[in-house]
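With the sequence up front, the predicted model follows.
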Amino acid sequence: MNSAVAALRAVLPDRCILANDEETRPYECDGLAAYRQMPMIVLLPENEAQIMAAIAVCRQLNLPIVPRGAGTGLSGGAMPIAGGVVLSTARLNRIVRLDPTARTAVVQPGVRNLAISEAAAPHGLYYAPDPSSQIACTIGGNVAENSGGVHCLKYGLTVHNVLRVRMVTTDGEIVELGSEALDAPGLDLLAVAIGSEGMLGVVTEVTVKLVPKPRVARVVMASFDDIVKAGDAVANVIAAGIIPAGLEMMDRLSTQVAEEFVHAGYDTQAAAVLLCESDGIPEEVEEEIARMSEVLSECGATALAVSRDEAERLRFWSGRKNAFPAVGRISPDYYCMDGTIPRKHLAHVLQRIEAMEQKYGLRCANVFHAGDGNLHPLIMFDANVPGEFHRAEQFGADILELCVEVGGTITGEHGVGIEKINSMCVQFSRAELDAFLAVKRAFDPAGILNPDKAIPTLHRCAEYGRMHVRHGRMPFSNLPRF
Ligand SMILES: Cc1cc2nc3c(=O)[nH]c(=O)nc-3n(C[C@H](O)[C@H](O)[C@H](O)COP(=O)(O)OP(=O)(O)OC[C@H]3O[C@@H](n4cnc5c(N)ncnc54)[C@H](O)[C@@H]3O)c2cc1C
């Protein structure tokens, strides 16, 4: 350790290095606090040249590097590797350039998501992807996770709102992917880098698109006495040709805890509440709200409330935005899952999750991006009760396998990280996983950038060893089952 620290001290100023336990402890986990690992050292470079110098030392000494933004990730992506380096981009937090005419901003990776919209606001513009963590999370983390949010149904995920990414690879190269024009020559490597979970390069600059702030936004809040009807209503709103600015669902447990916490005005007797937002010019919004209300009523909504002004709209959303901390008030711990399913299966999947609550003896609140089919079951447990965390993990893994079963995926926006690495064995064949590893090797031949995250090894899948049969074929049928 001492020689590694000395080598890093030779290329970075002392103020950029944290090496004792007291200083490095805050970096031992990300938002998924159930998994922890102390790093050997934490680096806080202040510019791209320092990042390149630090990477060169790590490559020479074969030290694993974990890039880190704000550490709000929920899949352990920024959790340190034992004996490795955490490379934080927190100090690269400058908005380099904002061009209201081109509607773009060039920002350093440590800029907070919300800070981009705040800087763009005087020009009537904003950055559309809005993770609920937007007050804290960074654009570097958003790029690495391809983050989404309430407004992504209409405006797209990070991948649809980023034009260019500049990053440093572990062989010391600076690569620029994408361009400031609408298209870039060659293969679309920008889309490969977005969502690559810090495994291909350290992002040092991002060009994002800005969009005009809508003149008006209103939200319809619809109550349902049956979760199946609410699930079907989501599919029917989209089938009616409406693309809401946001379409979110909360089940009874989540509306009850959120209501107690922030008094959003929710119908706490409803089995489920849908929040459907429309934005645009006033005439357009009025017409869309009327159409949404009609579809929701036809689907059996028992009550509808339309926000009358901006204060009421924000109040309706406040419960949704505070649902996670609200659940934290009623349970010592909770585990937030993230999977995506085709919208038409929402009702069926919610019923199956309800049955799993019985099976595992744990409560689960559902609050999620229903329009995208992106589930966020919040499994409640008490880490101090022996076995409960393990049951919560099993419960979560079952939900992800259910997502795959109905034709969905094991992640929507939180990434695979360390949390869902076993579930990757269920979703993908060995040949597919090998292709992912080959892409990683092309960018990171030394294999030191966030190793052992997101893509499971053959050995791990064999150990996971579940007897899943997909399309009539058992994966890894040649491997012994442990
Ligand atoms: C309360 C709460 C609500 C949330 N809501 C949402 C939501 O609505 N939608 C959503 O998508 N997510 C949500 N998240 C998850 C999380 O905020 C996002 O994944 C976010 O993008 C992480 O950003 P970060 O800066 O905190 O990254 P970190 O957690 O620090 O890192 C995340 C990943 O990005 C990599 N990384 C970070 N910076 C770089 C870089 N410069 N170069 C290369 N790799 C890098 C890390 O190695 C890691 O793999 C939520 C989290 C919390 C705690």
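Now that the structure is in, tell me what you want to look at.

ok, residue 207 to the ligand distance?
Relative to the ligand, residue 207 is positioned 14 Å away (CB to the nearest ligand atom, to the nearest Å). All C-beta atoms are positioned from the backbone trio N, CA, C, and that covers glycine.

who are the neighbours in contact with the nearest residue to that residue once chain neighbours are set aside?
Among residues not flanking residue 207 along the chain, residue 164 sits closest, at 4.0 Å (CB to CB, 6 or more residues apart in numbering). Contacts for residue 164 (CB atoms under 8 Å, 6 or more residues apart in numbering) come out as 176-180, 184, 190, 205-207.

element containing residue 31?
Residue 31 belongs to no helix or strand when assigned by DSSP states H and E.

So it is in contact with residue 69, correct?
No - using CB atoms under 8 Å, residue 31 makes no contact with residue 69, being 11.2 Å away.

Check which helices and strands the helix or strand bottoming out on mean pLDDT in the chain sits against.
Using mean pLDDT, DSSP states H and E, the weakest-scoring helix or strand in the chain turns out to be helix 458-464, at a mean of 85. The contact analysis (3 or more CB pairs under 8 Å, 6 or more residues apart in numbering; DSSP states H and E) places helix 458-464 against helix 421-427, helix 430-443.

Could you pull out the buried residues of that helix?
By 16 or more other CB atoms under 10 Å, the buried positions in helix 458-464 come out as 460-462, 464.

Same question for stretch 151-168.
Neighbour counts over stretch 151-168 (16+ other CB under 10 Å) mark 151-159, 161-168 as buried.

which residues are there in the stretch 251-400 of the chain that come within reach of the ligand?
residue 324 (CB under 6 Å from any ligand atom).

Around the residue of the stretch 101-250 of the chain found nearest the ligand, how many other residues sit close by?
Closest to the ligand within the stretch 101-250 of the chain is residue 141: 2.2 Å, counting by CB to the nearest ligand atom. Number of residues near residue 141 (other CB atoms under 10 Å) recorded here: 32.

measure the closest residue to it other than its chain neighbours to the ligand for me?
Distances taken as CB to CB, 6+ apart put residue 69 closest to residue 141, at 3.3 Å, once the chain neighbours are dropped. According to CB to the nearest ligand atom, residue 69 and the ligand sit 2 Å apart.

And for residue 69, the neighbour number?
30.

same question, residue 268
14.

element containing it?
Per DSSP H and E, there is no helix or strand for residue 268.

That one reaches residue 259, doesn't it?
Yes - counting by CB under 8 Å, residue 268 does reach residue 259; the two are 5.2 Å apart.

secondary structure element for residue 8?
For residue 8, the host element (DSSP H and E) is helix 2-11.

For whichever residue of the stretch 301-450 of the chain sits closest to the ligand, which non-adjacent residue is closest in space?
Of all residues in the stretch 301-450 of the chain, residue 413 sits closest to the ligand, at 3.2 Å by CB to the nearest ligand atom. Nearest in space to residue 413, with sequence neighbours left out and distances taken as CB to CB, 6+ apart, is residue 148 at 4.2 Å.

List the contacts of that neighbour.
Residue 148 makes contacts with 129, 131, 157-158, 369, 372, 374, 412-413, as judged by CB under 8 Å, 6+ apart.

just the residues you listed now: which is nearest residue 194?
Residue 194 lies nearest to residue 158 out of the contacts of residue 148, by CB to CB, at 5.9 Å.

pretty sure that closest one contacts residue 144?
No - if you go by CB under 8 Å, residue 158 and residue 144 don't touch, sitting 9.2 Å apart.

Spit out the residues that contact those two alike.
By CB under 8 Å, 6+ apart, the residues touching both residue 158 and residue 144 are residue 195.

mean confidence score for the helix or strand containing residue 141?
Using DSSP H and E, the element containing residue 141 is helix 139-145. Regarding helix 139-145, the rounded mean pLDDT is 98.

C-terminal to that helix, what's the next element?
Following helix 139-145 in sequence, per DSSP H and E, is helix 152-155.

Which neighbouring elements make contact with that next one?
For helix 152-155, the packing partners by 3+ CB pairs under 8 Å, 6+ apart are strand 246-251.

Show me which residues of stretch 87-100 are buried.
87-90, 92-93, 95, 98.

Keep only those of these that are in strands.
Among the buried residues of stretch 87-100, the subset assigned to strands under DSSP state E consists of 87-88, 95, 98.

Most widely separated two among the residues you listed?
87 and 98 (26.4 Å).

Quick check: can you list the domain ranges of this structure?
Domains of the chain are assigned by automatic domain parsing as 2-88, 96-212, 216-325, 331-467.

tell me, which of these is the model least confident about?
domain 331-467 (a mean of 92).

how far is that domain from where the chain is centred?
12 Å (CA atoms, centre = their mean, to the nearest Å).

And stretch 145-157, by the same measure?
Mean-position distance between stretch 145-157 and its chain equals 10 Å (CA atoms, centre = their mean).

same check, this time on stretch 258-277
The answer for stretch 258-277 is 23 Å, by CA atoms, centre = their mean.

Quick check: buried residues in that stretch?
Going by neighbour count (16+ other CB under 10 Å), the buried part of stretch 258-277 is 258-259, 261-262, 264, 266-267, 270-277.

out of the residues you listed, what pair is the most spread apart?
261 and 276 (22.2 Å).

quick one, strands of the stretch 251-400 of the chain?
Assigned strands in the stretch 251-400 of the chain, in chain order: 272-280, 303-306, 333-336, 339-340, 364-368, 374-375, 377-381 (criterion: DSSP state E, counting those that start in this stretch).

Then the stretch 1-150 of the chain?
17-18, 41-43, 65-68, 85-88, 95-99, 104-107, 125-126.

Who are the packing partners of the fifth one?
If I follow you right, that is strand 95-99. Secondary elements touching strand 95-99 (3+ CB pairs under 8 Å, 6+ apart): strand 104-107, helix 113-120.

show me the contacts for the residue of the stretch 101-250 of the chain closest to the ligand.
Here residue 141 is in contact with 68-70, 72-73, 78, 147 (CB under 8 Å, 6+ apart).
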